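In: next one to model:
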Amino acid sequence: MSSIGYRAAIFGALLLAAAICVVPTFVSPAPTWWPWQQPVRLGLDLQGGTHLLYQVQIDKGMDARVEQIGRDVENVLRDSQIGAFTVERQGKTLLVKLANRDKRADVKRVLEEKFPTLVAEESGGEDADFKLSISPREELTLRERFVEQALQILRNRIDQFGVAEPTIQAQGSDEIVVQLPGIQDPQRAKDLIGRTALLEFKLVATGPQAGTAQAPGSGIQVASGRPGDRTQYLLEKRPIVTGDMLTDAQVRPGSALEGYAVDFVFDGRGASLFGDATTRNVHRNLAIVLDGTVQSAPEIREPITGGRGQITGRFDLREAQDLANVLRNGSLPAPLTLLEERTVGPSLGRDSIRAGTRSFMVGGALVILFMMVYYRGGGAIADLALLANVLLILGAFAAFGFTLTLPGIAGIVLTVGMAVDANILILERVREELRLGKSARAAVEAGYDRAWAAIFDSNLTTFLSGIILFQFGTGSVRGFAVTLCLGIVTTLVTAVYLTRIIYDWLVVGRRVATVSV
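Out: Okay, the predicted model is just below:
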């Protein structure tokens with residue numbers, strides 16, 4: 001009897017904990033003194049929200065990567081002191097032309113040593129001495145990395161955006177699905193997600209070589225200012241430093257006229273480059289360029305060697321927070337194009353909840369009625385285990401922060417059927433033992449022993465199927481798989497062990513002379 005008491009106490013504690021976790025889902029808001037305040041999280045199809053499908057512009061990402069490699073090649077060759085040279089981009093190829101062709105061997109050695117992923121072909125033409133291109137293997141790796149980096153950056157941005165249980169996952173070779181439950185106005189989310197956040201610091205060009213906005217000089221680009229700023233800026237194409245050298249960005253309150261600002265911190269390499277550039281260019285203007293738009297172009301009044309700086313632009317609080325967010329998490333390796341947008345309203349979500357709840361209630365009521373009519377007392381015990389099973393599932397969803405979707409409700413309904421199936425196997429075995437003339441206690445023990453193998457095998461195969469669905473499925477399929485696997489665990493716990501405790505309490509304690517099945 002002491003063993004029964006211990007087992008009953010454990011189950012009582014589990015059911016009590018589950019009930020405590022479930023209450024905030026049905027009583028909203030829960031009393032402030034209630035020990036658990038987090039309700040079951042609802043998915044996009046139940047509470048409404050935004051569904052976005054993006055395509056990663058991998059080819060544009062490759063162009064940007066080639067451009068970056070070109071700048072790196074220029075820096076390395078300049079440091080190698082090979083004399084005058086030019087590096088031009090032609091599609092996905094870099095053309096290197098030397099003033100002194102006797103330096104070809106030195107250049108080839110430097111390229112092979114510093115850029116092992118580049119294919120360097122010597123050219124005898126007048127346009128170039130070397131043609132550089134990314135190796136096919138490296139290009140394939142970069143294409144895969146673009147999508148992986150975009151996924152990670154979007155996750156970081158949205159996590160700081162404050163969306164509960166977002167879904168961000170790859171689809172196909174170059175698409176990303178973003179689901180934001182509870183977001184009814186998707187514009188800010190789209191602005192945050194689709195922002196490339198390419199931050200560059202470039203010197204404002206001066207002198208006759210700068211040219212004009214209509215005819216910029218060689219190595220000069222034209223950039224526009226923020227909305228409201230009609231200035232056309234002439235900038236040197238070569239950036240001093242870029243945003244990938246930032247280690248932190250934080251919002252700082254400003255004055256009523258200046259608005260909020262964003263303070264940033266460079267890493268060691270960025271601080272060194274920024275300090276050298278500002279030391280050489282005191283009294284020149286330095287443009288802070290974000291996604292091709294000049295945010296501000298202050299004058300360098302003195303060398304900035306501390307590795308810190310500030311972006312101003314009359315930002316409001318939300319703009320400054322979003323800017324700091326994207327700068328902290330880095331720029332996207334390739335632009336994103338919005339292919340599809342769907343907004344699920346909260347009224348449709350409530351209709352889904354009602355439909356799902358109604359199907360569960362009707363199916364559960366029919367199952368409970370059948371078990372009580374066909375198996376009498378044994379059916380009543382199975383029904384108690386069934387209710388405990390549902391309570392444990394919902395409690396686990398609330399406690400562990402799982403998201404309940406409409407397919408998840410379907411998974412709960414399926415779990416109810418599987419739980420009943422396990423109880424039917426046990427009750428039929430007990431019936432067979434009673435027909436053989438065994439005592440109630442012996443019949444219960446034999447019934448559970450004989451049914452256990454079949455119950456375990458069937459649930460194990462279903463559990464493995466659920467794991468496969470979760471591993472290879474997407475979206476709602478994974479929600480169904482989570483509910484299915486969790487339901488199998490709770491089914492084994494309640495249908496086998498909880499009912500056995502009740503039978504042991506009735507039979508071993510001699511509270512009944514026989515069992516009604």
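In: what strand or helix carries Lys131?
Out: Per DSSP states H and E, Lys131 falls inside strand 130-134.
In: residues making contact with that strand?
Out: With contacts defined as C-beta atoms under 8 Å, 6 or more residues apart in numbering, strand 130-134 is touched by 62, 65-66, 69, 73, 92-96, 104, 107-108, 111, 115, 117-123, 142. Every C-beta, even on glycine, is put in place using the N, C-alpha and C of the backbone.
In: now the chain, which segments are flagged as low pLDDT?
Out: Of all residues in the chain, those with pLDDT under 70 make up the ranges 1-2, 124-126, 160-165, 184-185, 254-258, 313, 345-349, 352, 474-475, 508-517.
In: could you chop it up by domain?
Out: Using automatic domain parsing, the domain ranges for the chain come out as 2-48+345-507, 59-138, 195-343.
In: so how far does the second one reach from one end to the other?
Out: Its first and final residues considered, domain 59-138 spans 14 Å by C-alpha to C-alpha, to the nearest Å.
In: tell me the spacing between the nearest residue to Gln232 once chain neighbours are set aside and Val289.
Out: Nearest non-adjacent residue to Gln232, counting by C-beta to C-beta, 6 or more residues apart in numbering: Ala213, 4.1 Å away. Using C-beta to C-beta, to the nearest Å, Ala213 is found at 16 Å from Val289.
In: so these two - more neighbours on which side?
Out: Shown here are Ala213 and Val289; by other C-beta atoms under 10 Å, Val289 has more neighbours (22 against 14).
In: once you drop chain neighbours, what's closest to that one?
Out: The shortest distance from Val289 to any non-neighbouring residue, by C-beta to C-beta, 6+ apart, is to Glu200 (4.5 Å).
In: how far does the one helix or strand the one you found maps to sit from its chain's centre?
Out: Using DSSP H and E, Glu200 sits in strand 199-203. Chain-centre distance of strand 199-203: 30 Å, with C-alpha atoms, centre = their mean, to the nearest Å.
In: could you do stretch 461-472 as well?
Out: 21 Å.
In: same deal with stretch 97-114?
Out: For stretch 97-114, the distance to the chain centre is 45 Å (C-alpha atoms, centre = their mean).
In: which parts of that stretch are buried?
Out: 97-98, 103, 106-107, 110-111 (16 or more other C-beta atoms under 10 Å).
In: what of stretch 410-427?
Out: 410-416, 418-420, 422-427.
In: can you check stretch 167-183 too?
Out: In terms of neighbour count (16+ other C-beta under 10 Å), stretch 167-183 has its buried residues at 167-168, 174-183.
In: need the contact partners of it.
Out: Residues contacting stretch 167-183 (C-beta under 8 Å, 6+ apart): 41-44, 47-56, 58, 147, 150-151, 154-155, 158, 163-166, 186, 189, 193, 336, 339, 403, 474-475.
In: one more time with 6 Å, if that's ok
Out: Residues external to stretch 167-183 that are found in contact with it (C-beta atoms under 6 Å, 6 or more residues apart in numbering): 43-44, 47, 49-56, 58, 147, 154-155, 163, 165-166, 189.
In: mind checking the longest helix of this protein?
Out: In the chain, taking DSSP state H as the definition, the longest helix is helix 346-400.
In: just give the strands next to the very next helix or strand once past that one in its sheet, each with its orientation.
Out: Proceeding N to C from helix 346-400, the next assigned helix or strand is strand 403-404, under DSSP H and E. Next to strand 403-404 in the sheet, as set by DSSP bridges, lie strand 41-42 (parallel).
In: which is the next helix or strand following the strand it pairs with?
Out: helix 44-47.
In: give me the buried entries from the contacts of strand 130-134.
Out: By neighbour count, with 16+ other C-beta under 10 Å, those hold 62, 65-66, 69, 73, 94-96, 107, 111, 115, 118, 120, 142 as buried.
In: which parts of the stretch 101-250 of the chain are helices?
Out: Ranges of helices in the stretch 101-250 of the chain, per DSSP state H, counting those that start in this stretch, are 104-114, 136-161, 187-194.
In: tell me which of those lies nearest to Gly437.
Out: helix 136-161 (64.4 Å; C-beta to C-beta).
In: returning to that earlier point: can you show me the CA trace of the strand holding Glu200 as PDB?
Out: As requested, the backbone C-alpha atoms of strand 199-203 are provided in PDB (Å, rounded to 0.1, in the frame of the first residue of the first chain):
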ATOM      1  CA  LEU A 199      26.700  50.700 -43.000                       C
ATOM      2  CA  GLU A 200      29.600  52.500 -44.600                       C
ATOM      3  CA  PHE A 201      31.800  55.500 -43.700                       C
ATOM      4  CA  LYS A 202      33.000  57.400 -46.700                       C
ATOM      5  CA  LEU A 203      34.800  60.700 -47.200                       C
END
